[in-house]
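S.K.: Build me a model:
(chains A and B)
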Amino acid sequence: MIKLIHLTKTYKELRAVDDLNLEVKEGALFGFLGPNGAGKTTTIKMMAGVLKPTSGSVVIDGMDLAEEPEKVKKCIGFIPDRPYLYEKLSGMEFLKFIAGLYGMNHASSLQTRIRDLLELFDLTHWRDELIESYSHGMKQRLVMCSALLPQPKVLIVDEPMVGLDPRGARLVKDIFVEESLKKTTIFMSTHSLEVAAEVCRDIAIIQAGRIIARGSSEELRKAAGVDGSLESVFLKLTEGKRIAHATPLSAS
Amino acid sequence: MILVGLAFWTLLFGLSFRVLKYFQSVEVIGDLLAHHLLGMILMVFFSLLIFSHIITALSDLYLSSDLELCHACPALLEEVFISRAIYTLTDSSWMVIVFGLPVMMAYGFVFKPGFGFYFSLLHMGLGVTLIAGGIGILITMILVRVFPAQRTRDVGMLLGVCGLGALYLMFRLLRPERLVDPDAFFSIAQYMAALQGQDSPYLPTHWMTETLWAYLSRSSEKEIFFHSSLLWSTAGALIVINVWVAEAIYFTGFSKSQEAKRRRAGKGLLDFLAALIKRPFKPELGAIIDKDLRTFFRDNTQWSQLLLLGALVVVYVYNFSVLPLDKSPIRVEFLQNEIAFLNVGLAGFVLCAVSVRFIYPAVSSEGAAFWIVQSSPMPLKRFLWTKFALYLLPMLVLGETLILLTNHFLEVTPFMMALSSVTMFLAVFGIVALGVGMGARFPNFNHQNIAQVATGFGGLMFMIVSAAFVALIVVLEAGPVYVLVMAELKGVPVAGWQWLLIALSFSAVLLIMAAAVYKPMTMGLKALSEHE
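M.R.: The predicted structure is shown next:
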């Protein structure tokens, strides 16, 4: 469903993403881990069409993002790490705006879908309030509503748990698992190793713009030679030097 | 930027110098006029300073993101307040000082006063700034104590804009041009009385005006010390009062400004307006239009500027209705058509000024939420043209209103009416495209306040390019229009070679207009596609 082929992004001297090759299957809940500045957000922004790669390509559902951006973006739901929204719109108006952008114009089914999503994310009572009065967590939940609204085949998520309270975080984890069971492919970057260990069956660790390890939690433990939590595996793998070929980097 | 600033400074100095020189050459009333003008200038600067301090103090003392850190520091409340107040003072005063300096220098060059003038200008200027700052900050603290800071900014802006609009209208409708036309008054006594109308002796600007004038006119200096003392004791008292008031209410206001307020989305008129305007468009284009309209009309600092625009249109049209054409030695029909033609350029410049405030920031107004458009399936090309479509209709209405109403007052020929309205109709396409395209070419998605976008480098470039575009159209059409109008007024036929030149000129105008639409939009699209 997702293919990153020789994906590279350079900012002047800095190579933020370095010849990244990755393939994620349909319905996978993929965890993308890495220390600060490893290139997670840059990769995700390129996948969402917000950043232009220096070289390489992003292929989603068999379509190249650079060649067919509109078609590819119709398949994607994007949740960025910081929920910058139009503060002068209400939650309801914002979701209608998103529906408009995605060309969803079936009024009755759209209303039902918006109502269901607001209910799901516990925002029903706030739907007519301007977004400027929402808390960070509420804005984050509204962004998730908007990403799920067009029923995307691929959900690209950057740090989904930032700003969410424990109840919100539980809700989001459950929704992701549920969406994954419905064959939605979820590509999720996170700092939270507990979240990755709990919901992701497939995890990749990125450092200095390159994948240094990939596999299930168990496979990563073996590759790192650590018999502890995912945290100790992560620390061992990212402790400085790059571990080449910890696991096969081809499609899992 | 420095060159443009210097050019503006020189222009302002030159203009002030000429006016003052002219006043000096007028017997009896010349000095009175210069004295009166000095008082008016200082009064305007003083009012602007107070208003500027209210707006800046809201940001610097209540809304700035680094304030949380300042208040968490182990510093006394007075220390935090005083440091932020000094910051506010410098932040909101420099512009007025920069604009005021060339005018004051012109006074110095024309009247050649002694050292005392410059010394008084310096220390009394500082004193007046401190008083304006003290009043502005005090008003801000009281307003925030009553309303939340966010609402205070809206209320302040709204009041300010309404006040400015009303002042502008009032000033224009009083017809100040009559002051330099003694014929308009019934008697000399009445005219002198109008000139000598004194401002209040309790105003700090009065103390400064009288002191400066004493040096400029080399008259009695007995009150200089008294006025200086009044000014500095008032400034000192205001500083002390500000610190006292800050101790009492500043932190409570700051704390209140941190509380989020629930605000419901208004229904009714806005829903109706949005539904009406987006109806002819596809859903994705309609979505952008709907969002832009709601965002604009819910931001009090944005829509309130339409009031200023309304005042501008009224005054613009009014000016044409009171033009003393009958007093001109030139033939009236010729003058009417000449003014109507030049009015295309003037109205074009007005549209450029309006565009730099409303259309140029249209792309940047997406702010940090631009990722939503970038990651959506809507192509950026369609996004840009939607912005173009949204602003085209209101600008056409504005442009044609200015042209048709003024032409009506000028009683121009049907040919001039048709030519000027068609030229304006087509020029609006170019001006709007320049605004949207250059706004996309120089986007600023990280702004704190959308009003800042227009004052940046891109805004300046837009003003230069759009003004050059309007000027070029007027220059290219001037020759053919002269030939055609003269032929019509004199009843003589136009020669064959003249028709050729006319066709060439109008073709060039059409080409430039097409380029003004196409080029900036493609440049903007390219820049936006590569934006990171």
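S.K.: separation between B:Val494 and chain A?
M.R.: Using Cβ to the nearest Cβ, to the nearest Å, one gets 53 Å for the distance from B:Val494 to chain A. Heads up, the C-betas are built off the backbone N, CA and C, glycines and all.
S.K.: For the closest residue to that residue other than its chain neighbours, grab phi and psi.
M.R.: The spatial neighbour of B:Val494 that comes closest, neighbours along the chain excluded (Cβ to Cβ, 6 or more residues apart in numbering or on different chains), is B:Ala487 at 5.0 Å. Torsion angles at B:Ala487 (phi, psi; degrees, to the nearest 10) stand at phi -60, psi -40.
S.K.: what does A:Phe121 give?
M.R.: Backbone torsions of A:Phe121, given as degrees, to the nearest 10, read phi -100, psi 20.
S.K.: wait, isn't B:Ala368 in contact with B:Pro443?
M.R.: No - under the criterion of Cβ atoms under 8 Å, B:Ala368 is not in contact with B:Pro443, lying 11.8 Å apart.
S.K.: neighbour-wise, which of those two wins?
M.R.: Set side by side, B:Ala368 and B:Pro443 show unequal neighbour counts under other Cβ atoms under 10 Å in any protein chain shown, the larger going to B:Pro443 at 21 against 16.
S.K.: can you confirm the more buried one is in a strand?
M.R.: No - when DSSP: H, G, I helix; E, B strand; the rest coil is applied, B:Pro443 is found to be coil, with no strand at that position.
S.K.: quick one: it and B:Leu528 touch, right?
M.R.: Yes - in this structure, B:Pro443 sits in contact with B:Leu528. The criterion is Cβ under 8 Å, and the distance is 6.7 Å.
S.K.: Need the overlap of contacts for these two.
M.R.: With Cβ atoms under 8 Å, 6 or more residues apart in numbering or on different chains applied, the overlap between the contact sets of B:Pro443 and B:Leu528 consists of B:Val363.
S.K.: now A:Leu120: how far from A:Leu148?
M.R.: Taking Cβ to Cβ, to the nearest Å as the measure, A:Leu120 and A:Leu148 are separated by 8 Å.
S.K.: When those two are compared, which one has more neighbours?
M.R.: Remark: of A:Leu120 and A:Leu148, A:Leu148 carries more neighbours, 20 against 16, as counted by other Cβ under 10 Å.
S.K.: Quick one: residues contacting the more buried one.
M.R.: With contact set as Cβ under 8 Å, 6+ apart, A:Leu148 has these partners: A:Gly77, A:Leu117, A:Leu155, A:Ile175, A:Glu179.
S.K.: swap the cut-off to 10 Å and go again
M.R.: The neighbours of A:Leu148, taking Cβ atoms under 10 Å, 6 or more residues apart in numbering or on different chains as the test, are A:Gly77, A:Ile79, A:Arg113, A:Asp116, A:Leu117, A:Leu120, A:Phe121, A:Leu155, A:Ile175, A:Glu179, A:Thr184.
S.K.: cool, and B:Phe109?
M.R.: Contacts were defined as Cβ under 10 Å, 6+ apart; by that measure B:Phe109 touches B:Phe13, B:Ser16, B:Phe17, B:Leu20, B:Lys21.
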